[in-house]
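Chemist: Predicted model and sequence follow; I will ask about them next.
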Amino acid sequence: MRYRHTVGAETYQFRDLKDLLAKASPARSGDYLAGVAASSYAERMAAKMCLAEVPLKRFLEEHLIPYAEDEVTRLIVDTHDPVAFSEVSHLTVGDFRDWLLSDAADTAALSRIARGLTPEMVAAVSKLMRNQDLILVAGKCRVVTAFRDTIGLPGRLSVRLQPNHPTDDVRGIAASIIDGLLYGAGDAVIGINPATDSIPALIDLYYLVDEFIRTFHIPTQSCILTHVTNQIQVMEKGAPVDLVFQSIAGTEKANRGFGISLAILQEAYEAALALQRGTVGQNVMYFETGQGSALSADANFGVDQQTCEARAYAVARHYSPLLTNTVVGFIGPEYLYDGKQIIRAGLEDHFCGKLLGLPLGCDVCYTNHAEADQDDMDNLMTLLANAGLTFIMGIPGADDIMLNYQSTSFHDSLYLRQLLGLKPAPEFEQWLAEMEITRDGRPRSIDPTHPLLAQGLRLPRAA
Amino acid sequence: MTHHHKIARLDPWAHLRAYTAARIALGRTGISLPTDEVLGFGYAHAMARDAVHRPLDVAELRTALTEAGFDSMHVASAAPDRATYLLRPDLGRQLDAASISTLQQAADKGGDVLLVVGDGLSSLAVQRHALPLLVQLRALIPPTWRVGPVVVASQARVALSDHIAELMQAKAVVMLIGERPGLSSPDSLGMYLTYAPYVGRQDGERNCISNIRPEGLGYAAAARKTYWLLQEAVRLKLSGVGLKDESDVAELVDAGMTRLEEQN
């Protein structure tokens, strides 16, 4: 269906709903690269005005990618909850923005409607919102998940401890784990991006982190971020797998590029659930996403990158994840050019994920060929923490020596916690106090005889 | 630079730095990074930024190539400047019009293996490591192989080598290119081998060696790996996922043979 909007003497036409959404998107390099962006500032504003008048119901009728051709579309349509939707089903996109910002949309209301919203609806409304709107509404959402600790409670900010090493050297990884724990990080997950694909080497990494968790009774979970099919193999071999990880995207073809399908995710999800390793909850999945992944797989079908990203969240929420992480600046400047675009994308992703009911964290990050620096990361992490971000990355000195990009550090998480009075997950907070790492929530001076330093590098299977 | 007033607090696990190059045990002032660490990080980022944005000095590189006995040519991609290059990867994979006509004049010069040097995302990597690697590689390639002139390419992505090699009718192309710089590795050089190159080859049809620099994979080892892959590509008539890099195994066998010979 064609869409048309007149402003003064000028009439703007849009080919279909995906064209309208793309042209209403705030400017970013990936949409220009894809050839779907608005061709002028005025056209972009006209598209926003036109989009504001589209009824939310329209998104249930006009699929951006055909139902018959894409299993993500089928998942979105088949799992849509019309009862949950009924509370907002009479609204246009513009009215929906007003409703989200109104007092009627409190935490309970936002939780009630989450399963009635499709990714396309939340992507659409985000395009009409300023950064402060994205922050305010996300801040009203509450998504709580649990495995060995409880993630997403109000007033909490969790941290993924990311102790990567370019050759997976177990002592090198252990050294970074100790550093992170002593800086109060690791309550979201201790998650390693391995350099290797070798199953025996991956199993060694599982035992390394598991040994830490068991020896020191740490209320957290481990994850090795290798391909999901490797994790299925590793589980079959009896390795101690807590969370199953996978990178996901918003179209079937892009997921095929990642070597996955919904069926493979389901198989891994069921295998991890069957292990029953959680103590306070059974959210067993960890997903990563990022704007631009569909286009880079030549699988965006003319849909703008932010809408594709929101569709990935529909995939994620089907498996009730403990954590979902938008790796916002990793993909490079041809998708998000500079600090301004990265910051906007991070806020959009967090808003869309939370509104759909996901425990959304953010890898606030950039590569060295993007027009960004650590000041931009400071801005984004501070904005997101104010918006109720679920977790951030903790990487020694914010410098990932394996993946060669810059993210956020253990110090950064302490900065956010101190500035905004945020605490780690409650179980982990208690552990930090018992381990004499914090006192009254503040980091303590660490003694050289601290158990983590005295025993931490005696590695059972690694030595 | 050291500060004399010891306000920042040291971490009592600096000894763990022996196990990793990660930025651990940085210490803190309050909960924030000490001044020296902020400045050190900033300098590392500055090096990486300069590696991306400083143009490759093509004249200097070609002079050095000539002095080392290599013929060379210069071409440019269709990305006219760095800003366009960063935004439009597709343009970095095509030659500009002038370069196409230059290479059409050299249509029979590709030989059995064509060596291309592209600036990629780190001119620093190319400036430092391309020539030493080429010298080592030349020493391994048998004199019976026809080797084309070294083609220096500006604003180049990896797949530009397909376009160059197709026009010069090369049987295989080795592209040395500056990799995306990391904070601790602003000068990593990458090697991409494509057998029977033409425009439209997929990334899965190439073999890659990464992190070539003295602190990573040294020149001699990188040259041996490259030549091993080249020989295998010629034997199998393909490159990419069908060609597994088992050069380490081959080296172990070679080393074992050498020891046996020495014993005899």
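Modeler: Arrived safely.
Chemist: And the contacts of stretch A:94-106?
Modeler: For stretch A:94-106, the surrounding residues in contact (Cβ atoms under 8 Å, 6 or more residues apart in numbering or on different chains) are A:51-53, A:56, A:88, A:91, A:110, A:121, A:125, A:128-129, A:133, A:136-137, A:140, A:355. Where C-beta positions appear, they are placed from N, C-alpha and C, glycine not excepted.
Chemist: if we go to 6 Å?
Modeler: A:52, A:56, A:125, A:128-129, A:137 (Cβ atoms under 6 Å, 6 or more residues apart in numbering or on different chains).
Chemist: just for the chain, where's the confidence low?
Modeler: Just going to use chain A. Along chain A, segments meeting pLDDT under 70 span A:456, A:458-463.
Chemist: you looked at the wrong chain, it should be chain B
Modeler: In the predicted model, chain B carries pLDDT under 70 at residues B:1-4, B:248-264.
Chemist: By neighbours, which of the contacts of stretch A:94-106 wins?
Modeler: Counting neighbours by other Cβ atoms under 10 Å in any protein chain shown, A:Val125 leads the contacts of stretch A:94-106 with 29 neighbours.
Chemist: How many residues are close by the residue of chain A found nearest chain B?
Modeler: Here the residue of chain A nearest chain B is A:Gly397; by Cβ to the nearest Cβ that distance is 2.5 Å. Using other Cβ under 10 Å, A:Gly397 is surrounded by 23 other residues.
Chemist: For it, which non-adjacent residue is spatially closest?
Modeler: B:Arg23 (2.5 Å; Cβ to Cβ, 6 or more residues apart in numbering or on different chains).
Chemist: element containing the one you found, please.
Modeler: For B:Arg23, there is no enclosing helix or strand under DSSP states H and E.
Chemist: Which members of the contacts of stretch A:94-106 occur in helices, if any?
Modeler: Using DSSP state H, A:52, A:125, A:137 are the members of those that sit in helices.
Chemist: Without its sequence neighbours, what residue ends up closest to the first one?
Modeler: The spatially closest residue to A:Ala52, leaving aside those adjacent along the chain, is A:Gly94, at 3.0 Å (Cβ to Cβ, 6+ apart).
Chemist: Kindly indicate whether the one you found is helix, strand or coil.
Modeler: Judged by DSSP: H, G, I helix; E, B strand; the rest coil, the three-state class of A:Gly94 is helix.
Chemist: Quick one: residues contacting residue 81.
Modeler: Picking chain A for this. A:Asp81 neighbours (Cβ under 6 Å, 6+ apart): A:115-116.
Chemist: Could you do A:Pro448 as well?
Modeler: B:Pro12.
Chemist: What strand or helix carries residue 103?
Modeler: Chain wasn't specified; assuming chain A. Per DSSP H and E, there is no helix or strand for A:Asp103.
Chemist: my question was about chain B
Modeler: With DSSP H and E as the criterion, B:Leu103 is inside helix B:97-104.
Chemist: Toward the C-terminus, what is the element adjacent to that helix?
Modeler: In N-to-C order, the element after helix B:97-104 by DSSP H and E is strand B:114-118.
Chemist: Residues in contact with that next one: which ones?
Modeler: The list of residues contacting strand B:114-118 from outside it, by Cβ under 6 Å, 6+ apart, reads B:130, B:148, B:150-153, B:156, B:161, B:164-165, B:168, B:170, B:173-177.
Chemist: could you redo the contacts of stretch A:94-106 as TSV and give each row distance to B:Gly118?
Modeler: Output for the contacts of stretch A:94-106, formatted as TSV (distance: Cβ to Cβ, whole Å):
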residue	distance to B:Gly118
A:Ala52	47
A:Leu56	49
A:Val125	44
A:Leu128	43
A:Met129	42
A:Val137	46
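Chemist: Closest to A:Tyr415 out of these?
Modeler: Nearest to A:Tyr415, judged by Cβ to Cβ, of those is A:Val137 at 24.6 Å.
Chemist: which residues touch that closest one?
Modeler: Applying Cβ under 6 Å, 6+ apart, we find A:Val137 in contact with A:Leu100.
Chemist: Now do the SS call for the residue of chain A closest to chain B.
Modeler: Classified using three-state DSSP, A:Gly397 is helix.
Chemist: do the same with A:Tyr32
Modeler: At A:Tyr32 the chain is in helix, as set by three-state DSSP.
Chemist: rewinding a little: can I get the ones in helices among the contacts of stretch A:94-106 in TSV with distance to A:Leu33?
Modeler: Putting those into TSV (distance: Cβ to Cβ, whole Å) gives the following:
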residue	distance to A:Leu33
A:Ala52	27
A:Val125	25
A:Val137	29
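Chemist: Please tell me how far the residue of chain A closest to chain B sits from B:Gly42.
Modeler: 12 Å (Cβ to Cβ, to the nearest Å).
Chemist: do the same with A:Ile76
Modeler: 44 Å.
Chemist: how near is the residue nearest to the spatial centre of chain A to B:Arg54?
Modeler: Centroid-nearest residue in chain A: A:Asn325, 2.2 Å away (criterion: Cα atoms, centre = their mean). Using Cβ to Cβ, we find A:Asn325 at a distance of 34 Å from B:Arg54.
Chemist: Next, the angle from the helix or strand hosting B:Leu230 to strand B:114-118.
Modeler: Here B:Leu230, judged by DSSP H and E, is contained in helix B:219-236. Helix B:219-236 runs at 130 degrees relative to strand B:114-118, counting by axes from the mean of the first three to the mean of the last three Cα atoms, to 10 degrees.
Chemist: For chain B, which segments are assigned as helices?
Modeler: Assigned by DSSP H, chain B shows helices spanning B:35-53, B:58-67, B:82-87, B:97-104, B:123-140, B:160-167, B:219-236, B:247-263.
Chemist: what's in contact with the fourth one?
Modeler: Around helix B:97-104, the neighbours that count as contacts under Cβ under 6 Å, 6+ apart are B:75-76, B:167-168.
Chemist: Counting neighbours, what do you get for residue 153?
Modeler: Picking chain A for this. Other residues close to A:Leu153 by other Cβ under 10 Å number 15.
Chemist: actually it's chain B I care about, not the one you picked
Modeler: B:Ala153: 28 neighbours (other Cβ under 10 Å).
Chemist: Likewise for B:Val199?
Modeler: B:Val199, neighbours per other Cβ under 10 Å, totals 15.
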